[in-house]
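1. Test case, fold it:
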Amino acid sequence: MKVVEKALLGRKIGMTQLFTEDGRAVGVTVISVGPCTVVQRKTVEGEGFDALQLGYGELASERRVTKPMAGHFRRAGEKAEKEIAPCRHLGEFRFADCDAYSVGDQITVDVFEVGERVDVTGTSKGKGFAGVQKRYRTRGGPASHGSMSHRRPASGGATDAARVFKGTKKPGHMGNVRKTVRRVRVHMVDAENNLLAVEGSVPGPNGRLVAVWQPAGASVYAAPAGEGE
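-> Numbering: from 1, shown residues only. All right, here's what the predicted structure looks like:
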């Protein structure tokens with residue numbers, strides 16, 4: 001797990017476009033980010049490492065909370081000396097400065113600034129069972145009559161090995177894997193509506209849970225001078 005400077009959980013809303021000050025249209029993905037509640041503070045003495053567990057999203061009904069999770073949130077509330085409602089999602093991040101937060105604190109989207117770059121992690125769309133042309137964008141065979149290998153995979157490898165080597169491009173399950181897009185620029189921060197717009201696309205379908213985070217100590221992720229004001 002990487003050490004992060006800041007991180008939040010959210011949901012992908014969809015794509016649109018924004019216009020820059022010089023009139024250039026930029027395709028962006030809008031994400032509903034936070035607010036996230038600090039549910040647990042993990043320490044080197046207790047768990048062997050420093051990390052924060054963040055909760056995001058409301059449950060449709062508290063009846064859906066299992067007894068172990070209900071006890072987990074109850075203990076968090078006792079430590080924070082206030083009630084912490086059970087969250088739909090939990091995510092754990094190793095913050096560079098965990099001491100800056102306490103159990104019960106809320107982290108909102110305004111921790112990010114316009115112009116800086118962030119990483120977005122999500123689960124890509126599941127495509128089911130796919131052939132090699134769709135899965136790996138192979139060229140394909142001859143398209144004329146008589147050819148029996150229009151979309152079939154090519155050679156399976158060496159015949160004397162009597163086996164298929166690992167990593168050979170074959171048909172199989174496509175998508176539904178954890179993906180991260182790195183260094184995408186933040187174009188809009190709407191603290192009032194908890195919205196964040198980042199340039200380009202992010203993994204997953206609309207409505208899917210994503211994590212927006214920034215690695216610690218990465219100067220290339222910082223906003224240039226003059227931006228974000």
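
2. Tell me where the protein has strands.
-> Assigned by DSSP state E, the chain shows strands spanning 3-19, 25-33, 36-42, 51-58, 87-95, 106-107, 117-123, 126-130, 172-175, 178-190, 195-199, 209-215.

3. and the lowest-mean-pLDDT helix or strand in the chain, what does it pack onto?
-> In the chain, the helix or strand scored least confidently by mean pLDDT, DSSP states H and E is helix 67-80, which has a mean of 88. On a contact count with 3 or more C-beta pairs under 8 Å, 6 or more residues apart in numbering; DSSP states H and E, helix 67-80 meets strand 36-42. Every C-beta, even on glycine, is put in place using the N, C-alpha and C of the backbone.

4. any idea how far the strand it packs on is from the chain center?
-> Centre-to-centre, strand 36-42 and its host chain are 18 Å apart (C-alpha atoms, centre = their mean, to the nearest Å).

5. neighbouring contacts of that strand?
-> Taking contacts as C-beta atoms under 8 Å, 6 or more residues apart in numbering, the residues outside strand 36-42 that touch it are 8-9, 49-56, 72-73, 76, 84, 87, 90-92, 98, 101-107.

6. what mean pLDDT does that strand have?
-> For strand 36-42, the mean pLDDT works out to 90.

7. May I have the strands that pair with it, each with its orientation?
-> Applying DSSP bridges, strand 36-42 is found paired with strand 51-58 (antiparallel), strand 106-107 (antiparallel).

8. For the protein, give me the ranges with low pLDDT.
-> Scanning the chain for pLDDT under 70 picks out 1, 225-229.

9. Who is the residue positioned nearest the centre of it paired with across the strands?
-> Centroid-nearest residue in the chain: Thr121, 2.2 Å away (criterion: C-alpha atoms, centre = their mean). Here Thr121 sits in beta bridges with Thr180, Ala211, as judged by DSSP bridges.

10. Now do the contacts for it.
-> By C-beta under 8 Å, 6+ apart, the residues touching Thr121 are 178-180, 203, 210-211, 213.

11. Now with 7 Å, please.
-> Neighbour list for Thr121: 178, 180, 210-211 [criterion: C-beta atoms under 7 Å, 6 or more residues apart in numbering].

12. follow-up on the earlier one: can I get the least confident helix or strand of the chain in PDB? Just the C-alpha atoms.
-> Output in PDB follows, covering the C-alpha atoms of helix 67-80 (Å, rounded to 0.1, in the frame of the first residue of the first chain):
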ATOM      1  CA  LYS A  67     -23.400  -7.200  14.000                       C
ATOM      2  CA  PRO A  68     -19.600  -7.100  13.700                       C
ATOM      3  CA  MET A  69     -19.700  -4.000  11.600                       C
ATOM      4  CA  ALA A  70     -22.200  -2.400  13.900                       C
ATOM      5  CA  GLY A  71     -19.900  -3.000  16.800                       C
ATOM      6  CA  HIS A  72     -17.000  -1.500  14.700                       C
ATOM      7  CA  PHE A  73     -18.800   1.700  14.200                       C
ATOM      8  CA  ARG A  74     -20.100   1.800  17.700                       C
ATOM      9  CA  ARG A  75     -16.600   1.600  19.100                       C
ATOM     10  CA  ALA A  76     -15.500   4.300  16.700                       C
ATOM     11  CA  GLY A  77     -18.300   6.600  18.000                       C
ATOM     12  CA  GLU A  78     -17.200   5.900  21.600                       C
ATOM     13  CA  LYS A  79     -13.700   6.900  20.700                       C
ATOM     14  CA  ALA A  80     -14.800  10.100  19.000                       C
END
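
13. Contacts for it next, please.
-> 39-40, 83-84, 86, 103-104.
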